[in-house]
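**Student:** below: sequence and its predicted model.
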Amino acid sequence: MTEARGFYYVKAQLTELKKSLPPKEVLKWLKVNNYMLVAGPPYTLSLLSMQRRDDALFYHDHKEGWYASHKEAFSYTDTIGPGWLALRKSPLLGSTEKTWDEQQALLSDKERVPNATEVAWGLTTYKKVHGVYLMSNNIWMRTLSVNHDGVHVYVGDFASYGLNINDGKGAAPDSHLGVAVALKL
């Protein structure tokens, strides 16, 4: 992963990652349940700093994307840092065609909704390491991040043109929009 992403961890960080690696039974559960386990970056990143570091991974029709606006605080306040992220590779089963509140009711007490930066890190890292686009073909996941109007940001439709970050669907149910899920580690 360090080679694919171009990030390098200091010895203390590698020791901590090794020490905090989930037990084998959790790793097996993650695999069976369509999760990825990915190390976070060696330092805290926001969505904007991640995009600026590897712009080709992100779709945008402006220089930096709509979320680069100062009013979209999530793009620089929602972050990911060192540690493990267990992220589902697709929306939570049964979470499409549901509102945000209905999607929340589907989560177990061991699950949480990750922010847009965490989802972007997981999906783009998976692509860099495995060469596979997850969340392609107009599939989206709602995240914990909210835009300036309080609408949940969603991530997906990831293909050769880049990972798409959007907010246009609001809280309405949609057949292509499920909810992102991370396992609480």
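**Tutor:** Everything's here; your move.

**Student:** below-threshold pLDDT in this protein: ranges please.
**Tutor:** By pLDDT under 70, the low-scoring segments of the chain are 61-64.

**Student:** helices of this structure, start to end?
**Tutor:** For the chain, helices defined by DSSP state H occupy the ranges 2-5, 11-20, 24-32, 47-53, 74-77, 100-105, 116-130.

**Student:** need the winner for burial among these.
**Tutor:** For the helices of the chain, average neighbour numbers computed from mean count of other Cβ atoms under 10 Å are highest in helix 116-130, which has a mean of 23. C-beta: built from backbone N, CA, C; applies to glycine.

**Student:** just want the most central residue of this protein.
**Tutor:** For the chain, the residue nearest the mean C-alpha position is Val119 (0.2 Å; Cα atoms, centre = their mean).

**Student:** show me the contacts for it.
**Tutor:** 87, 141, 143, 155, 180 (Cβ atoms under 8 Å, 6 or more residues apart in numbering).

**Student:** from those, which land in strands?
**Tutor:** Using DSSP state E, the subset of the contacts of Val119 located in strands is 87, 141, 143, 155.

**Student:** list just the nearest of these to Asp78.
**Tutor:** Thr143 (8.2 Å; Cβ to Cβ).

**Student:** ok, the closest one - contacts?
**Tutor:** Residues in contact with Thr143 (Cβ under 8 Å, 6+ apart) are 113-116, 118-119, 152-155, 180.

**Student:** mind giving me the PyMOL command for buried ones among the contacts of Val119?
**Tutor:** A single PyMOL command suffices to select whichever of the contacts of Val119 are buried according to 16 or more other Cβ atoms under 10 Å:
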select buried, resi 87+141+143+155+180
